[in-house]
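*Asks:* test case, fold it:
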Amino acid sequence: MNIVDKWEFWVVIYLISEVVFAQTFKRCNRKMKNASALTVLLEIFTAVFAIFFIPLFQMKFPSNYVIYLILFVVTIIYALTDRLNIEARYGLDPSAFSMMKQLSTVFIIVFGIILFNEDVVIKKIIGSIIILFSNFLLTYNKGKICINKYFIMSVLSNFLFAVAMLINVDIADNFNLGIYTIITVSIPSVIISIFSKIKIKDLKEEYNLCDKKLFIVSAFTWCLMLISSVRAYQIGNVVIVASLFALTSILNCIIEVVFNKDRSAFIKKIICAILIILGVLLIRL
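*Replies:* Take a look at the predicted model:
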């Protein structure tokens, strides 16, 4: 079997790329002036890198026009989530952002129960409560709850991502994965550019503010993240893959302590990360 057909390979690629992206992007965007322009830049560079992955996957396109319509709707939502995530990453520690990403799973469960009358499974409810509690614990600092705009942006982006996931069920299976990635970042870049009135001048200015080497690494690893996450779910067991993906929060905690010497709230973050992994396991099993 070819290595690109092994889910274990793509999980490892995802874990490495997510951690590298989280850490490098946190450092390269310190002088960010225009979050919309930076989002567009990241999407454009990611689309370019995705071109090199096209030969790895079967070339295919859907014949049903409805799939293209659904994909377009999803890319509009992705434009919103990408924009929110870029600013949320600016204001949150990579480990905290990684933990909050699991909120999308909780939202999907809630949508399933409310909108699709799915059965209320106790272990899934308990898992969701554990994830919510972990995220609440992240806001608790020095005896009081501290919720800033970046925290709210992250919650909102995870809500919108959950909506996109409900619409976007198995749609990636109809495309070459490299081309699918190009579509899901290039269309949002156009949408953001139009509604935020981003000009070429704005992109140049924002690019010049970045640490260019770190930005290139960030764009490449984000491309790897997007491709590896979809591919791992396509060919692997959803329970195992989702649980392993949740390890990024612990990995980012360790990186922050070992390399960045950031020991602030380390114990609390590790506890939250472990609780989130437990919550994911309860939800997925």
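
*Asks:* please make it C-alpha for all contacts and neighbour counts, starting now.
*Replies:* Fine.

*Asks:* list the helices and strands the longest helix seen in the chain packs on?
*Replies:* Using DSSP state H to define each element, the chain has its longest helix at helix 65-91. For helix 65-91, the helices and strands in contact under the criterion 3 or more CA pairs under 8 Å, 6 or more residues apart in numbering; DSSP states H and E are helix 7-28, helix 35-51, helix 149-167, helix 177-195.

*Asks:* between the ones you listed, which one is nearest to residue 240?
*Replies:* The minimum distance between residue 240 and the helices and strands packed on helix 65-91 falls on helix 7-28, with 9.8 Å, by CA to CA.

*Asks:* quick one on the thing from earlier: could the helices and strands packed on helix 65-91 go into TSV alongside mean neighbour count, mean pLDDT and distance to residue 242?
*Replies:* Conversion of those to TSV gives the following (neighbours: other CA atoms under 10 Å; pLDDT from 0 to 100; distance: least, CA to CA, whole Å):
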stretch	mean neighbour count	mean pLDDT	distance to residue 242
helix 7-28	21	90	9
helix 35-51	22	93	23
helix 149-167	19	85	14
helix 177-195	20	93	19
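
*Asks:* hang on, the earlier thing: tell me the helix or strand right after the longest helix of the chain.
*Replies:* Per DSSP states H and E, helix 65-91 leads on to helix 94-100 as the next helix or strand towards the C-terminus.

*Asks:* show me what counts as buried in that following helix.
*Replies:* Judged by neighbour count using 16 or more other CA atoms under 10 Å, the buried positions of helix 94-100 are 94-100.

*Asks:* minimum pLDDT in those, which residue is that?
*Replies:* When the buried residues of helix 94-100 are compared on pLDDT, residue 95 comes out lowest, with 77.

*Asks:* where in the stretch 151-285 of the chain is pLDDT low?
*Replies:* 169, 239, 259-264 (pLDDT under 70).

*Asks:* where do the helices sit along it?
*Replies:* All helices of the stretch 151-285 of the chain, identified by DSSP state H, counting those that start in this stretch, fall at 177-195, 200-209, 212-235, 238-245, 248-258, 266-284.

*Asks:* name the residues that touch the fifth one?
*Replies:* Under the criterion CA atoms under 8 Å, 6 or more residues apart in numbering, residues 15, 18-19, 22-23, 94-99, 262-263, 266, 269-270, 273-274 lie in contact with helix 248-258.

*Asks:* and the gap between residue 129 and residue 111?
*Replies:* For residue 129, the distance to residue 111 (CA to CA, to the nearest Å) stands at 15 Å.

*Asks:* for residue 89, that is, sorry about that
*Replies:* For residue 89, the distance to residue 111 equals 26 Å [CA to CA].

*Asks:* more neighbours: which of those two?
*Replies:* Higher neighbour count among residue 89 and residue 111: residue 89, with 22 against 16, using other CA atoms under 10 Å.

*Asks:* who's in contact with that one?
*Replies:* Remark: with contacts taken as CA under 8 Å, 6+ apart, residue 89 is in contact with 22, 26, 97, 150.

*Asks:* same check, this time on residue 47
*Replies:* The neighbours of residue 47, taking CA under 8 Å, 6+ apart as the test, are 181-183, 185-186, 223.

*Asks:* now render these as JSON lines, adding distance to residue 41.
*Replies:* What follows is the contacts of residue 47, written out as JSON lines (distance: CA to CA, whole Å):
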{"residue": "181", "distance to residue 41": "15"}
{"residue": "182", "distance to residue 41": "13"}
{"residue": "183", "distance to residue 41": "15"}
{"residue": "185", "distance to residue 41": "10"}
{"residue": "186", "distance to residue 41": "10"}
{"residue": "223", "distance to residue 41": "13"}
